[in-house]
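**Q** Task: produce atomic coordinates for the following.
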Amino acid sequence: MENMGEKIEKCINGWRKELIGKKVIIYGCTAFTKRIYIALQKNNILPGAIIDNDNKKIGKKYLGLNVFSLKQILVPYDSSIVIIVCSRHEKDMLASLYDLGYKEKNVLHISSELNTYEADTLENVNEQMNSVNKGIQCYKRLLEYCGGNGTILLTPKASGDVFIACAYLKVWCMENKIKNYLLACTNLNIVDVLKMYKLDNKCQVISDEDMENLTKAFMFLGGRLNIKMLSEWSLRIRNSYFPMHRGPITFKDKFQYETFQLCKDINPEYPDFCEKLNRKKFDYLIKGKTVIIAPYAYSSPAAVVPDRVWEKVVNNLLEMGYCIYTVGYGEREKPIKNTKRIQFTYIEARNVLEYAGGFIASRSGLCDIVHAARCRQLIIYGRNIRNEYAVDFFNMKRNFPNFQGKEFVFDDYGEDNFISSVIEYFRN
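**A** Below you'll find the predicted structure:
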């Protein structure tokens, strides 16, 4: 079953011909706005603005775009405008557009609902119980790797989450007298993180379906299964006493206080282990005169910096004598124009960056992993217009006191000022 991100991308891909050459406007700073923006950018379509009904948002910037009221943009009627709507308040939003004279041909509507079974149907109950039973069977198989008795730790997909969670794992095991455990993960990136902690001999890769079934079994049976979720918003602790992105609580703190319930003064133990740089593998890097950029981030409050801005940054750095490489994996993560692709493991990452000399990244799990790298690091955030404290929550310096780099909120700058600030950082 597709999720909302997949549904949005599918819709935008299908509308590409209708959007080319039009003035594209996104209606609403919603939970789906960033997904829409990313899907449009992948199709080489740049929206002109965001419109919203909330006076607190109007006049601000989000994703590098100005936020306007409806009348500021839509009055008088302009037949060349196409408005994309995806919100749980879609009925009222569509009505407001039609009241201003816009027709169905001007409005592309992505339903915020997914096609799912009714929760109370017998068919759905049977399906969910089948998943629970499969989860129990998977749990039993995993226990065999622990000699039949142990704690099964379910890791999230996000590498930064796992990197921080493992920094508290040793202390948590000591506090709870846990000697035998197994980490279950769904991708090799997470195994790479576990290798940094020398825990790869205590992990098992399972399928996404197995992970989903294990989670459902845990939800249904609770303490009868010896399972621990390593997410900072675990299903059993998501109703936090601490608001997600407000006050003194940081991303790191959520793991300490919520996930592991470690309420005394504890310093997380991050790994020193990193693989020695293979000079033959990276012989194309120029020591101290290479900037590695990581523009892609899908599970964090990173800024969605348009490709044209990255290209201007790259061109300026090239003029300054730097070589530029883009971190990219798969078709979705193409190198920025005038750069080449670079790939490295998490174990290699710190030494690669230190040899290169420079790193510019949208805030992501990779930033957590390389936070201690001794090189020029510039981390870029987006401003979550629904919650402007996200930057504080994920702030590198607050989460990692030894972080020596610089941090920018992209939406706090005009594009030219942002580019100038980045270049100035690498000029000194």
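**Q** Setting the sequence-adjacent residues aside, check what's closest to Leu108.
**A** Ile84 (5.1 Å; Cβ to Cβ, 6 or more residues apart in numbering). Every C-beta, even on glycine, is put in place using the N, C-alpha and C of the backbone.
**Q** Against Arg332, how distant is that neighbour?
**A** 20 Å (Cβ to Cβ, to the nearest Å).
**Q** which one of these two has more residues nearby?
**A** Ile84 (25 against 11; other Cβ atoms under 10 Å).
**Q** Which pLDDT does the model give that one?
**A** If you check Ile84, the pLDDT there is 95.
**Q** what sits up against the strand or helix carrying the residue nearest to Leu108?
**A** Assessed by DSSP states H and E, Ile84 sits inside strand 81-85. Applying Cβ atoms under 8 Å, 6 or more residues apart in numbering, the external contacts of strand 81-85 come out as 12, 18-19, 22-28, 36, 47, 51, 73-74, 93-94, 97, 102, 106-110.
**Q** how about a cut-off of 7 Å?
**A** Counting by Cβ atoms under 7 Å, 6 or more residues apart in numbering, strand 81-85 makes contact with 18-19, 22-27, 36, 74, 93-94, 97, 102, 106-110, all of which sit outside it.
**Q** And for Gln72, the neighbour number?
**A** Neighbours of Gln72 using other Cβ under 10 Å come to 13.
**Q** For it, give its distance to Asn55.
**A** Gln72 is 12 Å from Asn55, by Cβ to Cβ.
**Q** now Leu142
**A** In terms of Cβ to Cβ, Leu142 sits 52 Å off from Asn55.
**Q** Who has more neighbours out of those two?
**A** For Leu142 versus Asn55, the count of surrounding residues by other Cβ under 10 Å is larger for Leu142: 21 against 8.
**Q** In a strand, Leu182, correct?
**A** Yes. With DSSP: H, G, I helix; E, B strand; the rest coil as the criterion, Leu182 is located in a strand.
**Q** Pull out the buried residues from stretch 93-101.
**A** Met93, Leu94, Ser96, Leu97 (16 or more other Cβ atoms under 10 Å).
**Q** Let me know the pLDDT of Asn384.
**A** Reading off the model, Asn384 has pLDDT 63.
**Q** what's next to stretch 260-271, contact-wise?
**A** With Cβ under 7 Å, 6+ apart, stretch 260-271 has contacts from Ile164, Ala167, Tyr168, Lys170, Val171, Trp172, Glu175, Met196, Tyr197, Lys252, Gln256, Tyr257.
**Q** outside of stretch 330-347, which residues touch it?
**A** 159, 192-193, 195-196, 274-275, 292-293, 295-296, 307, 310-311, 314-315, 318, 324-329, 352, 369.
**Q** Just the buried ones from those?
**A** Looks like the contacts of stretch 330-347 have 159, 192-193, 195-196, 274-275, 292-293, 295-296, 310, 314, 324-328, 352, 369 buried, using 16+ other Cβ under 10 Å.
**Q** which stretches of the stretch 101-250 of the chain form helices?
**A** 122-145, 159-175, 188-196, 208-221 (DSSP state H, counting those that start in this stretch).
**Q** Can you give me the buried ones in the first one?
**A** Buried residues in helix 122-145, counting neighbours by 16+ other Cβ under 10 Å, are found at Ser131, Val132, Lys134, Gly135, Ile136, Cys138, Tyr139, Leu142, Leu143.
**Q** could you dump the residues you listed to CSV with pLDDT and distance to Glu209?
**A** As requested, those are exported to CSV (pLDDT from 0 to 100; distance: Cβ to Cβ, whole Å):
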residue, pLDDT, distance to Glu209
Ser131, 92, 9
Val132, 94, 13
Lys134, 95, 8
Gly135, 95, 10
Ile136, 96, 14
Cys138, 96, 9
Tyr139, 96, 14
Leu142, 96, 14
Leu143, 95, 19
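**Q** which of those residues lies closest to Phe403?
**A** For the buried residues of helix 122-145, the closest approach to Phe403 (Cβ to Cβ) belongs to Leu142, at 35.7 Å.
**Q** Just list the residues touching the closest one, thanks.
**A** Ile152, Leu182, Ala184, Gln204.
**Q** Give me the pLDDT value at the last one.
**A** Going back to what we said before, that points to Gln204. For Gln204, the model assigns a pLDDT of 96.
**Q** Settle this for me: it is touching Tyr181, isn't it.
**A** No. Assessed by Cβ atoms under 7 Å, Gln204 is found out of contact with Tyr181, at 11.2 Å.
**Q** What strand or helix carries Met93?
**A** helix 90-99.
**Q** How far off centre is that helix?
**A** How far helix 90-99 lies from its chain's middle: 31 Å, per Cα atoms, centre = their mean, to the nearest Å.
**Q** what inclination does it have with respect to strand 81-85?
**A** Angle of helix 90-99 versus strand 81-85, following axes from the mean of the first three to the mean of the last three Cα atoms, to 10 degrees, is 170 degrees.
**Q** tell me what helix 90-99 is packed against?
**A** strand 81-85, strand 107-109 (3 or more Cβ pairs under 7 Å, 6 or more residues apart in numbering; DSSP states H and E).
**Q** Need the contact partners of it.
**A** Tyr27, Gly28, Leu70, Ile83, Val85, Ser87, Val107, His109, Ser112.
**Q** same deal with stretch 40-54?
**A** Contacts for stretch 40-54 (Cβ under 7 Å, 6+ apart): 12-13, 16, 19-20, 23-29, 33, 37, 58, 62, 65-70, 73, 306-307.
**Q** Of these, which qualify as buried by neighbour count?
**A** 12, 19, 24-29, 33, 37, 58, 62, 65-70, 73, 306.
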